[in-house]
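>>> got a predicted structure here, sequence first:
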Amino acid sequence: MTAAESRPSLSSASSITYRPFAADDIAAAHALSTRFAWPHRTDDWRFVFDVGSGFVAESAGQVIGTALCWKFGQEAGSIGMVIVDPDWQGQGIGRQLMERLLSTLGDRLTLLHATPAGQPLYEKLGFVAIGTLHQHQSANFTPPPVVLLPGERLRPLQAGDTPRIVELASRATGVDRGALLPPLLDIAEGVVLERDGELLGFSLYRRFGRGYAIGPIAALAPDTTDEPPLRRAQTLVGHWLEANPGTFIRVDTPGHSGLSPWLTGIGLPCVDIGVKMARNGTPVLDPSVGSYGIVNQAVG
C-alpha cells in the first residue's frame, strides 16, 4: 500500500471530533510525539498540561492531534505541543486546533516557537516572526570556570526567593511569570547569584527529555561596561555544568541573548534553530534584565 493509499480519506476526516485535552490523554499524546522523535517524557507532558490547557483531535477514539496553551496573567499567553498524526496531515486539523487555542486566549499577546513546517500556518493565523531560539545540547561539554566577583556568591534557591525570581523572569521575557514559575520550582533545582544580599540572577535545572535542561535563566545587566555582558549568565549555566559532568544537558537560548556562541564553544553545540513568533503585539522587554534560557520551546 502506498502512502497516499494509507492516508485517511476526506470522508474519514468528517469523523474527526475536537474536545478539551484531559489528563487521560497524556499517554496518547506522548505516543504521538514519539512519532516525530520529540524527546519529551510522559512527565514532561504532564507538567505542561498541569500548568495549561488545550484540545485534542480524535477519530474513532484515537487521539490524532494535540495543541496546548498557557496564560500569563491577563495580557499574554503562549501556544505549543501542536502535533498532528502524520497519517492525518493535510486535512486542516492543525488549523482547527490552533483556532480553538486562539479563541481560548482571546486578545492576549500570544507567543510560540515555530518549526519550518509549522511557520506558514502560523503566519496565516496572524503570527509574525520576532526572533529565534537556539537549541544546544550534549553530554560532551567542558565545564567552564565559574567566575565570581568580590562580594558575589552562588547559593541554592530558597522559598523566599520566589517573588524576586518571578520579577526578574517577568521583566526579562516581557510576560507575567507569576503562575508558571512556582509549579516549575516543584520539579526543579535552582541556584541564585547574589551580591551583598541583592539577588542578581537565577537559573533552574531539571529532568527533561533525554537528560536535563537548564532554564529559565535570567540575570541583571552588568553594573559597568568593564564587566563582560554575559558573565553572569555564564556563571549561572557553568554552575550546573561543573556539578554534572558527562550528563546530557540541554539549553534553549534566545538568539538575541548572545549566549549561543559561548555554549557552542564549551561543547554544547547548536542542534536546531526555531523561529519565535508573536500575535497581537510583541513583548516589551526590560533592557536591564537579560533572558538567557527559557523553560522549554512549548511554554516559552
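Done, it's in. All figures in this text were calculated on a predicted structure; none of them were measured in a lab. Numbering: from 1, shown residues only.

>>> just the strands in the stretch 151-300 of the chain please.
For the stretch 151-300 of the chain, the strands defined by DSSP state E, counting those that start in this stretch cover 152-156, 189-195, 198-208, 211-220, 249-254, 270-279, 289-293.

>>> mind putting these in TSV, distance to Lys124 included?
Where you see a C-beta, it was placed from the backbone N, CA and C, and this is true even at glycine. Listed next are the strands of the stretch 151-300 of the chain as TSV, based on distance: least, Cβ to Cβ, whole Å:
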stretch	distance to Lys124
strand 152-156	46
strand 189-195	39
strand 198-208	31
strand 211-220	30
strand 249-254	25
strand 270-279	11
strand 289-293	28
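
>>> I'd like those strands as CSV, with mean neighbour count, mean pLDDT and distance to Ser53 appended.
Listed next are those as CSV, based on neighbours: other Cβ atoms under 10 Å; pLDDT from 0 to 100; distance: least, Cβ to Cβ, whole Å:
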stretch, mean neighbour count, mean pLDDT, distance to Ser53
strand 152-156, 13, 97, 32
strand 189-195, 19, 98, 26
strand 198-208, 21, 98, 21
strand 211-220, 24, 98, 21
strand 249-254, 24, 98, 23
strand 270-279, 18, 97, 18
strand 289-293, 25, 98, 25
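
>>> quick one: which of these is nearest Met98?
With respect to Met98, and counting by Cβ to Cβ, the nearest of these is strand 270-279 at 10.4 Å.

>>> and the next helix or strand past the helix or strand hosting Phe49?
Assigned by DSSP states H and E, Phe49 falls within helix 42-50. Next in sequence after helix 42-50, counting helices and strands by DSSP H and E, comes strand 53-59.

>>> and for that following strand, what's in contact with it?
If you take Cβ atoms under 8 Å, 6 or more residues apart in numbering as the criterion, strand 53-59 is touched by 8, 12, 15-22, 25, 28-29, 63-69, 81, 84, 88, 93, 96-97, 100-101, 104.

>>> quick one: contacts for Ser203?
Going by Cβ under 8 Å, 6+ apart, Ser203 touches 190-191, 214-218, 236-237, 239-240, 293.

>>> ditto for Gly77
Per Cβ under 8 Å, 6+ apart, neighbours of Gly77: 69-71, 105, 108-111.

>>> again with Leu133
Counted by Cβ under 8 Å, 6+ apart, Leu133 has contacts 113, 252-255, 273-276, 294, 297.
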